[in-house]
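Novice: okay, predicted coordinates and the sequence, questions at the end:
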Amino acid sequence: MSQAKVSIVRAADYGGAGIDAAVEEAVELAGGLEHVIKPGSRVFVKINHLSPASPPERGIITHPAFVEAVLKLLTRVGARVTVGDDIDSSSGDGFQVSGFRQMCRRAGVALVNLREAGFVEARCQGRFLEKVYLSRVAADADAIVNLPKLKTHSLTILTGGVKNMYGIIPGGLRTRFHGDYAAKEDFAQVLTDIFSAARPQMTVTDGVIAMEGEGPAAGKLRRLGVVLASRDAVALDAVAARVIGLDPMDILTTRYASERKLGVGRLKDIEVTGQRIEDVAVPDFRLPLSGTAVLVGKAPRFLVRSVTGRLSPRPRLVEQRCTGCFECVRACPVGAISSRGRTVEIDQGKCIRCMCCHEVCRFDAIEPAWSPAGSVLHWLIGIWRKTRAPSPRMLG
């Protein structure tokens, strides 16, 4: 596979002309839009808009100001743009809460909840999936522009360009796949299967304010101050992983997509333009608990013995924070969570550790947790990670 190109541009915040200039520079350095998007073409812009809805300052969604900067570029090349994601609308207009409704109205582009526009069957010839239902908007588009948020994820470690395309399938199917493919390796292959059926022509990652720790919704905000862009979403995810101190091959979606020739996953085959990785890298970026597992194979042997079973965190209810919204009950793919008065109860015997409940909770009432022995292991590996020297090989 030929060398991919990924751009890194600094962006201090989401304010005014600064974010517009940073996004434009990143896209141009990545090859520009003119060669992949023709005037009059239908372009679907896939945002990251988790349900239930949240305001942009919480750092859970792609920031509307970031998306608006991309929309200005698409308007300039004459594209017919539709912005969207598949969101739960049972509790009102989530796009209004997030600010996307107001922003898209101001930008003069269509905004669609994908579940309201329908889905079509598509073949994907994946490792697990032979066919899948894709958003009609995405399937009918002449080009897809993918706008993920740079965040950690309690199951996949990193939310990136490949993972963001999971949102173009129906919500019920996403829940079912979590249950049917509970092993993280299998789930990563399913994510790659879906990505293979709808590969974006340009991916631009919002890394201005990132999320570390227990993402994608309950982590801590971390100012990275970067915009990343590429025509190759896999290569972009590889660079993003290295920026936060990980070997790209530790992200299973990057590894599998690279092995299946859906993009370039190895840094030695990627041309980085704009800022250098080492100039923006954050070696102390806090990983989710699930991220510790990928470090075990690199840790001293005395830390590795007999610990495999302790490295898969389970969801734990923080009862005093629970508001009784029961989003977690609806999200659990195996029915392991049930209502108990004004709060909930988690059946750990049924739990498959997919962390869907953690993802949808907006009150930090469900958090990943280990046994005491697993917590000690996480602490020891954290110390080891901080003291090890960066590998020149990992820098490509």
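Specialist: Now that the structure is in, tell me what you want to look at. Since the structure is predicted, the reported quantities are computational estimates derived from the model, not experimental observations.

Novice: mind checking how far the spatially most central residue of the chain is from residue 211?
Specialist: With distances taken as Cα atoms, centre = their mean, residue 159 lies nearest the centre of the chain, 2.2 Å away. As for residue 159, its distance to residue 211 is 8 Å (criterion: Cβ to Cβ, to the nearest Å). Just so you know, the C-beta spots here come from the backbone N, C-alpha and C atoms, and that holds for glycine as well.

Novice: tell me, what's touching these two both at once?
Specialist: Taking Cβ atoms under 8 Å, 6 or more residues apart in numbering as the contact criterion, the common neighbours of residue 159 and residue 211 are 149, 150, 151, 152.

Novice: name the element the second one belongs to?
Specialist: It stands for residue 150. In the assignment (DSSP states H and E), residue 150 maps to strand 149-153.

Novice: in its sheet, what does the next helix or strand along the chain from that strand sit against?
Specialist: Tracing the chain C-terminally past strand 149-153 and defining elements by DSSP H and E, one meets strand 157-159 next. Applying DSSP bridges, strand 157-159 is found paired with strand 149-153 (antiparallel).

Novice: how far away from the center of its chain is the partner strand?
Specialist: Relative to the chain's own centre, strand 149-153 is displaced by 5 Å; criterion: Cα atoms, centre = their mean, to the nearest Å.

Novice: worst-scoring helix or strand of the protein, pLDDT-wise?
Specialist: In the chain, the helix or strand scored least confidently by mean pLDDT, DSSP states H and E is helix 301-304, which has a mean of 48.

Novice: next helix or strand past that helix?
Specialist: Next along the chain after helix 301-304, taking DSSP H and E as the criterion, comes strand 314-317.

Novice: that next one pairs with which strands?
Specialist: According to DSSP bridges, the neighbouring strands of strand 314-317, each with its direction, are strand 366-369 (antiparallel).

Novice: residues making contact with the strand it pairs with?
Specialist: Contacts of strand 366-369 (Cβ under 8 Å, 6+ apart): 154, 214, 218, 288-290, 313-318, 328, 346, 355, 357-358.

Novice: what sits against the residue in the chain sticking out farthest from the centre?
Specialist: In the chain, residue 341 marks the outermost C-alpha relative to the chain mean, sitting 33.6 Å out by Cα atoms, centre = their mean. Contacts for residue 341 (Cβ under 8 Å, 6+ apart) come out as residue 324.

Novice: same thing with the one 5 residues further on?
Specialist: For residue 346, the residues meeting the contact criterion (Cβ under 8 Å, 6+ apart) are 315, 316, 317, 336, 337, 357, 366.

Novice: filter the residues you listed to the buried ones?
Specialist: Members of the contacts of residue 346 that pass the buried threshold by neighbour count (16 or more other Cβ atoms under 10 Å) are listed as 315, 317, 336, 337, 357, 366.

Novice: a markdown table for these, including distance to residue 66?
Specialist: Formatted as a markdown table, the entries for these read as follows, by distance: Cβ to Cβ, whole Å:
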| residue | distance to residue 66 |
| --- | --- |
| 315 | 30 |
| 317 | 34 |
| 336 | 36 |
| 337 | 33 |
| 357 | 28 |
| 366 | 28 |
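
Novice: any idea which of these is closest to residue 100?
Specialist: Comparing the buried ones among the contacts of residue 346 against residue 100 with Cβ to Cβ picks out residue 357 as the nearest, at 25.0 Å.
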